[in-house]
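Q: A structural model of the following input is requested.
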Amino acid sequence: MFLNTSRDGFAQAMDVSVYSLIALTKAAEDLFNPRSSITTLTYHGSQQAAPNYNVMGVAKAALEASVRYLARDLGPRDIRVNAISPGHIDTPIFEGWQKGEALRNMKEDLAKAVPLGRMGDPDEIAKAVSFLASDDASYISGIELFVDGGVAQI
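A: Have a look, this model is predicted:
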């Protein structure tokens with residue numbers, strides 16, 4: 001239960017999931033050129049109470065707010081900051097699960113929950129990140145881009 005989150009667990013989640021973006025951006029600040037782009041990963045569990053996500057949902061909400069504040073701070077230097085929110089992605093982790101019927105069913109159930117009727121491919125996430133880093137996205141900053149087959153919109 002989220003209610004049982006310890007102070008230490010909360011602090012660790014915030015440090016690893018939120019402050020790390022701020023610290024890394026600060027450490028690399030002098031390396032950024034105009035038109036640079038920073039992209040982080042989030043999850044729609046920040047906006048909707050997702051089962052078992054708990055303190056990570058709160059941390060991702062703080063991460064998304066940090067994206068907006070960093071976008072505001074770095075915008076005058078023409079540096080963009082955004083977040084990608086991927087959905088159910090078909091990764092190699094499922095290959096090890098194919099031995100058990102319950103795990104195969106889990107993958108099928110995940111795909112059924114996606115309006116597009118399938119899980120995403122890692123390349124689809126990479127293409128979205130590439131888009132945000134490209135000049136094609138030169139006027140996009142401070143947003144969360146959902147690359148989830150429509151899950152967050154239903």
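Q: And Asn54, what's its pLDDT?
A: pLDDT for Asn54: 96.
Q: for the one 10 residues further on, same thing?
A: At Glu64, the pLDDT value in this model is 98.
Q: what packs against the host helix or strand of it?
A: Taking DSSP states H and E as the criterion, Glu64 maps to helix 55-74. Secondary-structure packing of helix 55-74 (3 or more Cβ pairs under 8 Å, 6 or more residues apart in numbering; DSSP states H and E): helix 7-14, helix 20-28, strand 37-41, strand 80-86. C-beta coordinates here come from the backbone N, C-alpha and C atoms, glycine included.
Q: worst-scoring helix or strand of this protein, pLDDT-wise?
A: One helix or strand of the chain scores below all others by mean pLDDT, DSSP states H and E: helix 93-97, with a mean of 64.
Q: Provide a list of residues in contact with the residue sitting nearest the centre point of the chain.
A: By Cα atoms, centre = their mean, the mean C-alpha position of the chain lies nearest to Thr42, the distance being 2.0 Å. When contacts are counted by Cβ atoms under 8 Å, 6 or more residues apart in numbering, Thr42 touches Lys60, Leu63, Glu64, Val67, Ala83, Ile84, Ser85, Glu144.
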